[in-house]
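Chemist: Build me a structure from this.
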Amino acid sequence: MWLLAGGGAAAYTAASIGLYHIWYKDYPLGKFHFFDDYGEWENMDKAGHLFTAYAESYLAYKGARWTGIQERPAAWIGAGVGTLLQATIEVMDGFSEGWGFSTADLAFNTAGVGLFLGQELLWQDQRIMVKVSHTRPNYGSALLTSSTGVTRTVDEAATVLYGKFPSSFIKDYNGMTVWASVNPASFFSKKKKPFFPRWLNIAGGYGAQNVYGAYGNAITDQEGNVFSLQQYPRYRQYYLSLDADLRRIPTRSRALRTLFTALSWVKLPAPTMEWNSLGEQKFYWLYW
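Modeler: Prediction:
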């Protein structure tokens, strides 16, 4: 218990400092204020809040169970940790001039924590897991010209907006997909074997493309040059794919069980169908 508490406190401190440097340090601080950001970034940030709150709650719960805490108290501890971690972000937002405390963020944080806690209290199992996948798009070398005559490639402009890895993994909404991964076998009685593997999941995903700003597509670099990307229409993406619940793969190895649990928030590459708001349908042999 002390090892978990000490490690968790250290991780919380390190993550808060790291998040500040990745996300907030370039923006001045001010008085605590509210900010309505629902609809920004095609709501990819809201999907990210739901995923993060869910994953934090679940992993904290697994840590509590590891110490020997009983299932129901451990579930509440997980929910409390997820709420605390996300509340830290909201407070940082509230004091940052670049953002503000968002009630929409709070709602999606609560939805993520609630999805975890509700399943644990109802089923003592996570039959619907929230996962993420991320591949940075190939933005290309097409040239953009600012109103002041400065040129940059689309890739350079996207790097100005989203940064490079690891910050791009958190910030680049064009590369992010958030999934609800459902395990059908968990809805069958344990006495009845389904005709498919118990680890096989079906996943529905949400993503967006050509997002180069909160609402409009314009990027301002460090020198104040503004690059318009209105020629790239923004659109939303909806996915249907296969997935695997690694936790349900039978193994006697404690190390593998731990690894499978730690990776349970990652959507695995698999054949995928896409429908998007441009009216297009696409098929990918492997999508991540």
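Chemist: going forward, measure contacts between C-alpha atoms and count neighbours the same way
Modeler: Noted.
Chemist: elements contacting the strand or helix carrying residue 86?
Modeler: Residue 86 belongs to helix 71-95 when assigned by DSSP states H and E. On a contact count with 3 or more Cα pairs under 8 Å, 6 or more residues apart in numbering; DSSP states H and E, helix 71-95 meets helix 44-66, helix 103-123.
Chemist: Among those, which comes closest to residue 273?
Modeler: helix 44-66 (19.1 Å; Cα to Cα).
Chemist: Work out the gap between that closest one and the centre of the chain.
Modeler: Centroid separation for helix 44-66 versus its chain: 9 Å, with Cα atoms, centre = their mean, to the nearest Å.
Chemist: which residues touch it?
Modeler: For helix 44-66, the surrounding residues in contact (Cα atoms under 8 Å, 6 or more residues apart in numbering) are 1, 4, 38, 71, 74-83, 85-86, 104-105, 108-116, 130-132, 173, 178, 206-208, 262, 265.
Chemist: Whichever of these end up buried, select them in ChimeraX.
Modeler: To isolate the buried members of the contacts of helix 44-66 in ChimeraX, using 16 or more other Cα atoms under 10 Å:
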select :71,74,75,76,77,78,79,80,81,82,83,85,86,104,105,108,109,110,111,112,113,114,115,116,130,131,132,173,178,206,207,208,265
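Chemist: quick one on the thing from earlier: return the most buried member of the helices and strands packed on helix 71-95.
Modeler: Ranked by mean neighbour count, the helices and strands packed on helix 71-95 are led by helix 44-66 with a mean of 23 (mean count of other Cα atoms under 10 Å).
Chemist: tilt between that helix and helix 103-123?
Modeler: 40 degrees (axes from the mean of the first three to the mean of the last three Cα atoms, to 10 degrees).
Chemist: Including distance to residue 217 and mean pLDDT, could the helices and strands packed on helix 71-95 go into CSV?
Modeler: Formatted as CSV, these follow (distance: least, Cα to Cα, whole Å; pLDDT from 0 to 100):
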stretch, distance to residue 217, mean pLDDT
helix 44-66, 15, 94
helix 103-123, 22, 95
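Chemist: Which of those helices sits closest to residue 281?
Modeler: That would be helix 44-66 among the helices and strands packed on helix 71-95, by Cα to Cα, at 20.2 Å.
Chemist: all strands in the protein, in order from the N-terminus.
Modeler: For the chain, the strands defined by DSSP state E cover 128-134, 143-145, 151-153, 176-182, 200-209, 218-220, 226-228, 235-244, 270-276, 281-287.
Chemist: Can I get those in CSV including distance to residue 17?
Modeler: As requested, the strands of the chain are exported to CSV (distance: least, Cα to Cα, whole Å):
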stretch, distance to residue 17
strand 128-134, 23
strand 143-145, 35
strand 151-153, 32
strand 176-182, 23
strand 200-209, 28
strand 218-220, 26
strand 226-228, 30
strand 235-244, 32
strand 270-276, 35
strand 281-287, 33
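Chemist: Could I get those strands in a markdown table, plus columns for mean pLDDT and distance to residue 168?
Modeler: Listed next are those as a markdown table, based on pLDDT from 0 to 100; distance: least, Cα to Cα, whole Å:
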| stretch | mean pLDDT | distance to residue 168 |
| --- | --- | --- |
| strand 128-134 | 96 | 10 |
| strand 143-145 | 92 | 21 |
| strand 151-153 | 92 | 17 |
| strand 176-182 | 97 | 10 |
| strand 200-209 | 97 | 15 |
| strand 218-220 | 91 | 15 |
| strand 226-228 | 92 | 19 |
| strand 235-244 | 97 | 19 |
| strand 270-276 | 97 | 23 |
| strand 281-287 | 96 | 19 |
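Chemist: so which of these gets nearest residue 190?
Modeler: Within the strands of the chain, the stretch nearest residue 190 is strand 200-209; the backing value is 15.2 Å (Cα to Cα).
Chemist: Let me know which of the strands of the chain is the nearest to residue 165.
Modeler: Closest approach to residue 165 among the strands of the chain (Cα to Cα): strand 128-134, 11.3 Å.
Chemist: Check the gap between residue 286 and residue 273 for me.
Modeler: 10 Å (Cα to Cα, to the nearest Å).
Chemist: Can you pick out the residue with more neighbours from these two?
Modeler: residue 273 (19 against 12; other Cα atoms under 10 Å).
Chemist: Need the pLDDT of residue 23.
Modeler: Listed pLDDT for residue 23 reads 69.
Chemist: closest one to residue 154 among the helices and strands packed on helix 71-95?
Modeler: The minimum distance between residue 154 and those falls on helix 44-66, with 20.5 Å, by Cα to Cα.
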